[in-house]
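In: One predicted model, sequence on top.
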Amino acid sequence: MFNTLTVKEAIKKLKAKEISHQELYTDLAKHIASTNEKLNIYLSVDKQVEQKAEKLLDAPLAGIPIAVKDNFLTRELPTTAASNVLIGFMSPYESTVTKKIVAAGAAIIGKTNMDAWAHGSSTETSDFGPTKNPRNPEHLPGGSSGGSAAAVAADVCIGAIGSETAGSVRQPSSWCGVVGLKPTYGRVSRYGVVAMASSTDSPGPIGKTVEDTAILFESMAGRDEKDATTPNKEVPQLSKEIANGVKGIHIGICYTDHPEIGKQQVSQQILEAGKLFEKHGAHVSLVPISEKVEKGKIFTPDFAIGVYTVVQRGEVSSNLARYDGIRYGNDRSFFGAEARRRMMLGTFTLSKGYSEQYYNNAQKVRNLYLQNFQELFEAYDLLISPTTPSYAEKLGASFGSPMYGELEDMLLEPTSISGLPGISVPCFRDEKTNLFLGMNIVASWWQEEKMIQAAHLYEMETPWNTWRNKI
Amino acid sequence: MEYMEKQDMNQYETIVGMEIHVELATSSKMFCSCKNDPFGAPKPNMYTCPVCLGLPGALPVPNKKAIEWTIKLGLALGCEIQLYSKFDRKHYFYPDLAKGYQISQYDLPFCRNGLITTELGDVRIHRVHLEEDTGKLQHAMVDGKKVTLVDFNRSSVPLVEIVTEPDIHSGEQAKLFLKKLHQIVRYLGVSSADMEKGSMRLEPNISVRKIGERELPKYKVEVKNINSFNFVKRAIDFETKRHIELLEAGQMPKQETRGYVEGTSSTVSQRSKEEAADYRYFPDPDIPPIRLTEAYVTEIKKTLPELPDSKIERFMKEYGLSSDEAVHITDEKTGADYFESCVSLAQGSFETQNITPTIIARNLINVHEEEMSPKKRIDALLAKAQEKNVDAGVITVAVTLVLGQQTKAIADYKHGKLSALMFLVGMVKKELKGKGDAGIIEQELKKRLS
């Protein structure tokens, strides 16, 4: 079954003509046909993808099939952001990311399900029904890039693209037992991505291995004239430096002393990871949690939920104002409950008399997080922590819990609101449930290569990656 | 009755602050590379793209030229330039507003605290900021149905908003102020400032208070749909009278937006504006804050042309023009430049021929032939001067002759009747059969009559 190939393997085999595009895409088509109804991963698939892929053999990505979250605008496939508002909308233009990956030789096989407008951490807010976790279909895949993470886990693509605002790449990657990379804010263009919270949205790759995410990252990243928030920084060649290890670098372990998180099994796994890195020559120490910003300590993630909720809801209410049904799509009565809730809250927090109390204060606390991380990265090269407090929840878990997503993402929100890059790698598999835990590795701004090196080492030295170690 | 009204009027003073929108004439729009030519567009929605249509995922990238020109305008208005600035989102719903918000500047405008002087008093500039224009609604019939169409050619055209302090106290002063502002904008070449095309829009905020009161009135009336300086004046005059009548009747004028009605020189209520609208401003996360350097501002300062006030002063000093002539000649920068080209062409003839900068200036004021090249004009003037070139002795004789005949006119002139002098000049010219320079004759007459 060629659909289980990794990005690296597929490129190699296609280039060496060991396999043909036809063989690869036939396997994928079969697999999609047999699973999509059950798992609800793809919202649309490109029936002509194989012919397109064949022409891309000479490009770096050789025509491998990549699944793309449905909030990236594509000219050849519909874009709905999993909302009824955009049903029937065909974008007249292409997002920078999809343009770039296609130029690098990726073939977009289909668009994946997500939380509507990326509002959520379950895919249950999708207007087209939830995606199920391929590892255990009674459970959620996480979100909002749940469809993309599930596509990778289910081997219905070779690699995938998601987008993260606060956890939307890493949390579903953690739950689906795959690798999710969230680049530094501004590293990857947001042009043509349906905006959620503009100040934190970051497109990122989801892959079967750390190396796969590194390869995809290289094809996505870089300055875009059309996105004023992408600075002109050289894109690191992550895949070339991937095996450099962690010798001599300083790693801090975070949040394992949090009163709630500390009790969880995942904290144990992070401490174990620390020992592994130490064995490979890193200087590893615990970064104590603190209720206030103090040197050498990490500011509690508890406040990040509030900051993120206020800032993000405000931006959401603004970004969704354009969907008035006048030029395209359906009118505002087609918005789902979660989007309405967020728009109303955001409108409230930006209102006169309240914006000082909410929005401005949230920005002040956001600055505290920034300041805290700036200080920490003077002492540490990397910070590691659990990606999520626990395993994937059961279907239906998000219902009746408007703050569900924020609680799931609380460990990622401090770094997201600070624009830091991070990567989630599987760090445990429960044999009984076949569900996974993830470790989040965070580097300083623009230093994705450091986290990739640690993540790769960890993946190679542990049994948790199911493509490197078949179950 | 008439007298009483005047009395009442005199107890009040008009307080006006102006908001002026000027569309910048950059070649591309404010946040995308679409052509900025809404008025010249052959078809609706021709100059549009995902950004100015507000499509999902589209992002704004600020136009550097527009920022530069805003700062240029700010400098010309004597403003302080903010080195740290940002763009904010201003939210409201209207079908011509593609994104549901307008990108504008809230608390950190590019320019603050400027000044324009007028003969009727200084007008302080509160702020100058940069924003984007909206699309335009068109009401039409399609297949027998009344419909409203939207044209986005104007969407995201760079728009500068100039806000004054409430320093204007009459319709006349507003007119003087606006003329001067218009002139400066035209001098800088940053906008056509054409009011017919809507590239300059004028909104006075009018209220009145009793003379001697210090506080601003508790209401103001904004008047829209005004497309000429005269109409601004009339709107202010009309409103002033209306407010005073209401106040005299013991009523407080309503805080509202009114529209100007050209036919009757009056205004009508459009919508009440009891409470300030809540635009839910917040910094646009798509556009990083803008940090300018002193060096950048200094560079822009260097590109500022000589502005009307200093040009007038220089023309009076350097070319000996009267203040009226200098004002006239410098009305448009192109006119002033034309004048100076003429002067430099005629430079060599000032000594020998009967031509002076004043003669050139008067010729420009009286003979409107914009197409005529400076060279052609000077040649024509020199030819005419040749003709007028009458020996000084002949003029003296003619003057003597006329003065001997026109005793009444002489008496009139001595009593301060200036037109009598012009009459005498005419008589001398008649004596000379149309020859001779009027200026020289006038000087000779004055000398003799003093």
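Out: That came in fine, so what should we check first?
In: How about the closest residue to chain B within the stretch 351-471 of chain A, nearest residue that isn't a chain neighbour?
Out: As assessed by CB to the nearest CB, chain B sits closest to A:Lys352 within the stretch 351-471 of chain A, at 4.6 Å. (Glycine included, C-beta is placed from N, CA and C.) Nearest-residue entry for A:Lys352: B:Asp278, 4.6 Å, with adjacent residues in sequence omitted and distances by CB to CB, 6 or more residues apart in numbering or on different chains.
In: And A:Ile66, by the same measure?
Out: A:Ala106 (4.2 Å).
In: circling back: give me the phi and psi for the residue nearest to A:Lys352.
Out: Backbone geometry at B:Asp278, expressed as degrees, to the nearest 10, gives phi -100, psi 110.
In: Now do it, the pLDDT please.
Out: With respect to pLDDT, B:Asp278 scores 90.
In: pretty sure it is touching A:Tyr354, no?
Out: No. If you go by CB atoms under 8 Å, B:Asp278 and A:Tyr354 don't touch, sitting 9.8 Å apart.
In: re earlier: a helix runs through the residue of the stretch 351-471 of chain A closest to chain B, doesn't it?
Out: No. Under DSSP: H, G, I helix; E, B strand; the rest coil, A:Lys352 falls outside any helix and is assigned coil.
In: residues near it, how many?
Out: 13 (other CB atoms under 10 Å in any protein chain shown).
In: How about the helix or strand encompassing A:Val310 and chain B, any contact?
Out: Using DSSP states H and E, the element containing A:Val310 is helix A:302-319. Yes. On the criterion CB under 8 Å from any CB of the partner chain, helix A:302-319 is in touch with chain B at A:314-315, A:317-318.
In: Buried ones in that helix, by neighbour count?
Out: A:303-305, A:307-319 (16 or more other CB atoms under 10 Å in any protein chain shown).
In: Can you name the two of those that sit furthest apart?
Out: Greatest spatial distance among those (CB to CB): A:Phe303 and A:Asn319, at 23.9 Å.
In: check contacts around the closest residue to chain A within chain B.
Out: Here chain B gets closest to chain A at one residue, B:Gly100, 2.5 Å apart by CB to the nearest CB. Shown in contact with B:Gly100 (CB atoms under 8 Å, 6 or more residues apart in numbering or on different chains): A:318, A:320-322, A:324, B:54, B:91-93.
In: B:Arg242: which element?
Out: helix B:229-248.
In: What helices and strands are in contact with that helix?
Out: When contacts are defined as 3 or more CB pairs under 8 Å, 6 or more residues apart in numbering or on different chains; DSSP states H and E, helix B:229-248 sits against helix B:2-10, strand B:12-23, helix B:171-188, strand B:200-210, strand B:221-224, strand B:256-261, strand B:266-272.
In: residues touching the closest residue to A:Val365 other than its chain neighbours, list them.
Out: In space, and not counting its chain neighbours, A:Val365 is closest to A:Val307: 4.7 Å by CB to CB, 6+ apart. Residues in contact with A:Val307 (CB under 8 Å, 6+ apart) are A:362, A:365-366, A:369, A:413, A:417.
In: any idea which of those residues is the one closest to A:Gly180?
Out: Proximity of these to A:Gly180 was ranked by CB to CB; the top entry is A:Glu413 with 15.4 Å.
In: Not counting its neighbours along the chain, what's nearest that closest one?
Out: A:Ala304 (3.9 Å).
In: Tell me the confidence at that neighbour?
Out: At A:Ala304, the pLDDT value in this model is 90.
In: any chance you could read off phi and psi for B:Gln255?
Out: Reported as degrees, to the nearest 10, the phi and psi values for B:Gln255 are phi -70, psi 120.
In: Wait, it touches B:Ser207, no?
Out: No. Applying CB under 8 Å, one finds B:Gln255 not in contact with B:Ser207, separated by 9.0 Å.
In: Mind checking which of the two has more residues around it?
Out: The neighbour comparison of B:Gln255 against B:Ser207 (other CB under 10 Å) goes to B:Ser207, with 21 against 17.
In: Contact partners for the residue nearest to that one when sequence neighbours are not counted?
Out: What sits nearest to B:Ser207 in space, not counting adjacent residues and going by CB to CB, 6+ apart, is B:Pro217, at 3.9 Å. Each residue near B:Pro217 by CB under 8 Å, 6+ apart is listed here: B:15, B:207-209.
In: And A:Ile109, by the same measure?
Out: A:Ile109 is in contact with A:28, A:45-46, A:49, A:65-67, A:157, counting by CB under 8 Å, 6+ apart.
In: Might one say that the residue nearest to A:Glu413 is in contact with A:Ile417?
Out: Yes. Using CB under 8 Å, A:Ala304 is in contact with A:Ile417, at 6.2 Å.
In: Can you work out which residues contact both of these two?
Out: Residues touching both A:Ala304 and A:Ile417 by CB under 8 Å, 6+ apart: A:Tyr369.
In: contacting residues around the nearest residue to B:Ile290 once chain neighbours are set aside?
Out: Excluding the flanking residues, the one nearest B:Ile290 by CB to CB, 6+ apart is B:Ser85, at 4.8 Å. By CB under 8 Å, 6+ apart, the contact set of B:Ser85 is B:105, B:108-110, B:289-290, B:292.
In: and what of B:Gly78?
Out: Applying CB under 8 Å, 6+ apart to B:Gly78 gives the contacts B:114-115, B:125.
In: 6 Å instead, please
Out: Contact analysis of B:Gly78 by CB atoms under 6 Å, 6 or more residues apart in numbering or on different chains lists B:114-115.
In: part of a strand, is it?
Out: No. Under the criterion used here (three-state DSSP), B:Gly78 is coil, not part of a strand.
In: Next, it: phi, psi?
Out: Main-chain torsions, B:Gly78, degrees, to the nearest 10: phi 70, psi 30.
In: now it: how far from B:Ala326?
Out: According to CB to CB, to the nearest Å, B:Gly78 stands 21 Å off from B:Ala326.
In: Ok, A:Glu272 next?
Out: Distance, A:Glu272 to B:Ala326, using CB to CB: 86 Å.
In: ok, the two, which is more surrounded?
Out: Higher neighbour count among A:Glu272 and B:Ala326: B:Ala326, with 23 against 14, using other CB under 10 Å.
In: you'd agree that one is up against B:Arg314?
Out: No. Using CB atoms under 6 Å, B:Ala326 is not in contact with B:Arg314, being 8.4 Å away.
In: Close to chain B: what parts of chain A are there?
Out: A:73, A:93, A:191-194, A:198-199, A:227-229, A:318, A:321-322, A:326, A:350-352 (CB under 6 Å from any CB of the partner chain).
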